[in-house]
Every structure is written in structure tokens, then in C-alpha cells.
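Trainee: no sequence for this one, just the structure:
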């Protein structure tokens, strides 16, 4: 089965697919295209879900709202960003960077008074740099090596513990077992006193450990939110989901092995 992930060659997603997957790799331009391909039922996909510095990846979370695909594995991947270019001399002030990369390297960029031009991927940053050799780009080492761009300064990310969580998507879910993690999307649709308390209470009274909760705009107007929730599967989790569905809309995004390091399961 083909693995679809974000291109061009040299993105973190592409490097991860090369390192962890034995299937053929199809590179596409956007995260939405990955979801579209997986939802058609022919391929699996790799997408970034959240970063320890910048938080949730907006394009991925939006697509989880719109497409019926399932997470079947996760992997935490150490992210290192490097300033690359063909000159280290001032006034090379223009820097190409993906928006998430910009946020993860904001301390360095703000301190240097750079003009940052956003790109669709780290690999695209390298390709634009090839057309504009008087600029610079923030790249992973794989992209710098692949496009023969010298690294001027290493490790310019804000944190030495910069980690991105990726998900492996499939058109069909795995069978859940105790010890796995589960991801759900909760849409309250109405606002009321005690709503969040009631939503989280269905897990608390059953001793179910939540590993992540993130709110996102519902796109129905200011003050209307959705909640992405991850939790460890343990006894009583099915009853918790049933109770949630009785009070609000719930979309199940899949159950998968809880992995923090290592290979895809």
C-alpha cells in the first residue's frame, strides 16, 4: 500500500516516511491532499498532528473535522532546524520558512530582525532558496543535504526538546484493545454553564487518563469551539463514549498503539 505524505522531497514528513515505512511513497503538496487520498480508500498517509513548541497543526486538525479517516499509529519525532544559505554575510535578511518552523524558531528570528517569507513546506523553502541565493532558509538537515544548501547555523529552534507528533492514517480503523490510545473529536454545538466539566467528567468518574485536550474554533462564529481529546483505553471507555454521545456530537478518530519512540506498529 502506498504512503501519502507532505512533499516535496526533504520535508520532515518525507524523511520520516523514508525511515519508518517500507511502502511506496507518494508526495503531495498539502495536508488536505493527504486526507483526500486516504479517504478514497486506496492509501495510508502520514501527517503532523502537534508540536511541543507550536501546538496543534491547524491544517491537520481542520481536516479531521472534514474527512472520515482513522489514526492507526503515532510516532514522536525530534525536530531540529538549521539556518541555511549560500552566504553568511549581512545583509541576507530574507528568510524562507514554513509557518510552523517560524513559530518554532521565533526567538532566533525575532532577535535577528529578519524578513520571513512563509512557504508551504520546509522543502519548498529550500527550493525557493535555490532561486534566490541571496536569501536564507530554515531547513531540516535532510532537506539541506538533499538540495545541496550549506548550513550556516545549526539548531536555531527555541527548545532543545522540540518534538513533533505524527499520525499514520488509514481508511479503516484498528480494533481497539486495552492499553491503546484513542482520539476523538467532540462538538458541543451549544454553550452552557458546566459544559466542559460534564464532558471531562465522563472520563474522570471512570478513572480514564486523558493525555491531550485541545480546543479549536468550530468555524460557526466567535466563541464556538470543538475539542480534540486523546485518552488511554481502559475499562469503562466504551461507556464513557456512549455517555458523551448522549450529550453532544462525537467523532471517533481511531484507536492505536501508544508509542512515544520506535517504529510504526
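Mentor: Everything's here; your move. This structure is a prediction, so every number in the text was calculated from the model and none was measured. Numbering: from 1, shown residues only.
Trainee: CA only for contacts and neighbour counts going forward, please
Mentor: Will do.
Trainee: Identify each buried residue in the lowest-mean-pLDDT helix or strand in the chain, please.
Mentor: The weakest-scoring helix or strand in the chain, judged by mean pLDDT, DSSP states H and E, is helix 12-20 (a mean of 87). Under the neighbour-count criterion of 16 or more other Cα atoms under 10 Å, helix 12-20 has 12, 13, 14, 15, 16, 17 buried.
Trainee: could those residues go into CSV alongside distance to residue 110?
Mentor: Shown next, in CSV, are the buried residues of helix 12-20 (distance: Cα to Cα, whole Å):
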residue, distance to residue 110
12, 24
13, 26
14, 28
15, 28
16, 29
17, 32
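Trainee: The residue lying closest to residue 107 once chain neighbours are set aside: helix or strand, and which one exactly?
Mentor: Excluding its sequence neighbours, the residue lying closest to residue 107 (Cα to Cα, 6 or more residues apart in numbering) is residue 158, at 6.0 Å. Here residue 158, judged by DSSP states H and E, is contained in no helix and no strand.
Trainee: Can you verify my assumption that residue 158 contacts residue 102?
Mentor: No: using Cα atoms under 8 Å, residue 158 is not in contact with residue 102, being 10.0 Å away.
Trainee: the more surrounded of those two?
Mentor: residue 102 (23 against 17; other Cα atoms under 10 Å).
Trainee: which helices and strands sit right next to the helix or strand where that one lies?
Mentor: Using DSSP H and E, residue 102 sits in helix 99-104. Where contact means 3 or more Cα pairs under 8 Å, 6 or more residues apart in numbering; DSSP states H and E, helix 99-104 is packed against strand 115-118.
Trainee: Return the set of buried residues in the next helix or strand after the strand it packs on.
Mentor: Per DSSP H and E, the first helix or strand lying C-terminal to strand 115-118 is helix 122-131. Judged by neighbour count using 16+ other Cα under 10 Å, the buried positions of helix 122-131 are 122, 123, 124, 125, 126, 127, 128, 129, 130.
Trainee: distance between whichever helix or strand comes after helix 122-131 and the chain's centre?
Mentor: Note on helix 122-131: by DSSP H and E, the next helix or strand toward the C-terminus is strand 136-139. Centre-to-centre, strand 136-139 and its host chain are 20 Å apart (Cα atoms, centre = their mean, to the nearest Å).
Trainee: OK, contacts around residue 78?
Mentor: Contacts for residue 78 (Cα atoms under 8 Å, 6 or more residues apart in numbering) come out as 161, 162, 163, 164.
Trainee: Residue 230 is in contact with residue 213, correct?
Mentor: Yes: between residue 213 and residue 230 there is a contact under Cα under 8 Å: 6.5 Å.
Trainee: buried stuff in the helix or strand harbouring residue 145?
Mentor: Taking DSSP H and E as the definition, residue 145 sits inside helix 141-146. By 16+ other Cα under 10 Å, the buried positions in helix 141-146 come out as 141, 142, 143, 144.
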